[in-house]
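K.L.:
show me how the following folds:
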Amino acid sequence: QVQPVESGGGLVQTGGSVRLSCAASGRLFSGYATGWFRQAPGKEREFVASISWIGGRTWHADSVKGRFTISRDNAKLPVYLQMNNLKPEDTAVYYCNALTGGAPLYDQWGQGTQVTVSS
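P.N.:
Below is the predicted model of the structure:
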(Lines give C-alpha, C1' and ligand atoms only; values in the text may rest on other atoms or scores of the structure.)
Protein backbone atom coordinates (compact mmCIF):
# COMPACT_ATOMS: atom_id res chain seq x y z
CA GLN A 1 0.00 0.00 0.00
CA VAL A 2 1.34 3.43 -0.92
CA GLN A 3 1.81 5.66 2.08
CA PRO A 4 1.55 9.42 2.44
CA VAL A 5 4.77 11.40 2.79
CA GLU A 6 5.08 13.95 5.55
CA SER A 7 7.82 16.56 5.51
CA GLY A 8 8.84 19.91 6.93
CA GLY A 9 9.63 19.09 10.52
CA GLY A 10 12.75 20.05 12.41
CA LEU A 11 14.15 21.66 15.52
CA VAL A 12 12.65 25.00 16.47
CA GLN A 13 12.72 27.23 19.53
CA THR A 14 9.71 27.98 21.67
CA GLY A 15 7.58 30.57 19.91
CA GLY A 16 8.90 29.61 16.50
CA SER A 17 7.08 28.35 13.41
CA VAL A 18 7.25 25.48 10.95
CA ARG A 19 5.09 24.35 8.06
CA LEU A 20 4.46 20.68 7.48
CA SER A 21 3.42 19.14 4.17
CA CYS A 22 1.47 15.99 3.47
CA ALA A 23 1.76 14.52 -0.02
CA ALA A 24 0.19 11.39 -1.38
CA SER A 25 0.50 9.71 -4.73
CA GLY A 26 -2.26 8.45 -6.92
CA ARG A 27 -5.75 8.40 -5.49
CA LEU A 28 -4.68 7.65 -1.92
CA PHE A 29 -6.49 10.63 -0.46
CA SER A 30 -8.82 11.42 -3.34
CA GLY A 31 -12.35 12.12 -2.13
CA TYR A 32 -11.48 11.95 1.57
CA ALA A 33 -10.86 14.53 4.24
CA THR A 34 -7.23 14.73 5.36
CA GLY A 35 -6.14 14.82 8.96
CA TRP A 36 -2.95 15.62 10.81
CA PHE A 37 -2.11 13.62 13.92
CA ARG A 38 0.82 13.61 16.29
CA GLN A 39 2.44 11.20 18.70
CA ALA A 40 4.71 12.31 21.49
CA PRO A 41 7.08 9.85 23.21
CA GLY A 42 5.16 7.55 25.53
CA LYS A 43 1.78 8.92 24.47
CA GLU A 44 -1.04 7.83 22.22
CA ARG A 45 -1.38 9.28 18.74
CA GLU A 46 -3.78 12.23 18.87
CA PHE A 47 -5.79 14.26 16.41
CA VAL A 48 -4.45 17.71 15.54
CA ALA A 49 -6.45 19.09 12.62
CA SER A 50 -8.42 18.09 9.53
CA ILE A 51 -9.71 19.57 6.30
CA SER A 52 -12.64 18.31 4.26
CA TRP A 53 -12.30 17.25 0.63
CA ILE A 54 -15.29 19.31 -0.50
CA GLY A 55 -15.33 22.91 0.60
CA GLY A 56 -12.12 22.86 2.60
CA ARG A 57 -13.87 23.00 5.97
CA THR A 58 -11.33 22.80 8.80
CA TRP A 59 -11.25 21.54 12.37
CA HIS A 60 -8.50 22.02 14.94
CA ALA A 61 -7.93 20.39 18.30
CA ASP A 62 -8.41 22.74 21.23
CA SER A 63 -4.74 22.37 22.16
CA VAL A 64 -3.62 23.93 18.86
CA LYS A 65 -6.52 26.23 18.03
CA GLY A 66 -5.31 29.72 17.24
CA ARG A 67 -1.73 28.53 16.70
CA PHE A 68 -1.95 25.86 13.98
CA THR A 69 -3.72 26.15 10.64
CA ILE A 70 -4.47 23.32 8.23
CA SER A 71 -4.79 24.25 4.57
CA ARG A 72 -4.29 22.94 1.06
CA ASP A 73 -3.79 24.11 -2.49
CA ASN A 74 -6.65 24.27 -4.97
CA ALA A 75 -5.38 20.97 -6.34
CA LYS A 76 -6.43 19.35 -3.02
CA LEU A 77 -2.91 18.12 -2.26
CA PRO A 78 -0.48 18.67 -0.65
CA VAL A 79 -2.13 19.47 2.65
CA TYR A 80 -0.21 21.81 4.91
CA LEU A 81 -0.06 22.38 8.63
CA GLN A 82 1.22 25.83 9.55
CA MET A 83 2.40 25.73 13.15
CA ASN A 84 3.00 29.04 14.91
CA ASN A 85 3.87 29.97 18.49
CA LEU A 86 5.22 26.48 19.10
CA LYS A 87 5.51 25.13 22.62
CA PRO A 88 7.67 22.32 24.01
CA GLU A 89 4.51 20.22 24.43
CA ASP A 90 4.08 20.31 20.64
CA THR A 91 7.16 18.10 20.32
CA ALA A 92 6.05 14.95 18.53
CA VAL A 93 6.15 13.00 15.31
CA TYR A 94 3.46 14.38 13.02
CA TYR A 95 1.53 12.16 10.62
CA CYS A 96 -1.19 12.63 8.04
CA ASN A 97 -3.88 10.22 6.96
CA ALA A 98 -7.10 10.21 5.01
CA LEU A 99 -10.21 10.27 7.17
CA THR A 100 -13.47 8.40 7.01
CA GLY A 101 -16.15 9.24 9.53
CA GLY A 102 -13.55 11.31 11.34
CA ALA A 103 -11.26 8.32 11.90
CA PRO A 104 -8.03 7.43 10.11
CA LEU A 105 -8.76 5.50 6.93
CA TYR A 106 -5.51 3.63 6.47
CA ASP A 107 -4.06 1.34 9.10
CA GLN A 108 -0.58 1.77 7.69
CA TRP A 109 0.88 5.16 8.52
CA GLY A 110 3.74 6.99 6.85
CA GLN A 111 7.05 7.65 8.54
CA GLY A 112 5.90 11.00 9.84
CA THR A 113 8.00 14.09 10.39
CA GLN A 114 9.63 14.98 13.70
CA VAL A 115 8.99 18.37 15.24
CA THR A 116 11.09 19.22 18.26
CA VAL A 117 10.47 22.44 20.18
CA SER A 118 13.26 23.50 22.50
CA SER A 119 12.55 25.54 25.61
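K.L.:
point out where the protein drops to low pLDDT.
P.N.:
The chain contains residues with pLDDT under 70 at 1, 26.
K.L.:
quick one, strands of this protein?
P.N.:
Using DSSP state E, the strands of the chain run over residues 5-7, 10-13, 18-23, 33-39, 46-51, 58-60, 68-72, 79-83, 92-100, 103-104, 113-118.
K.L.:
quick one: those strands as a markdown table, columns for mean neighbour count too.
P.N.:
Backbone N, C-alpha and C define where each C-beta goes, glycine included. Formatted as a markdown table, the strands of the chain follow (neighbours: other Cβ atoms under 10 Å):
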| stretch | mean neighbour count |
| --- | --- |
| strand 5-7 | 19 |
| strand 10-13 | 13 |
| strand 18-23 | 20 |
| strand 33-39 | 22 |
| strand 46-51 | 20 |
| strand 58-60 | 16 |
| strand 68-72 | 19 |
| strand 79-83 | 22 |
| strand 92-100 | 22 |
| strand 103-104 | 13 |
| strand 113-118 | 17 |
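K.L.:
give me every residue that touches S119.
P.N.:
The neighbourhood of S119, defined by Cβ atoms under 8 Å, 6 or more residues apart in numbering, consists of T14, P88.
K.L.:
any idea what G35 is bridged to?
P.N.:
S50, N97 (DSSP bridges).
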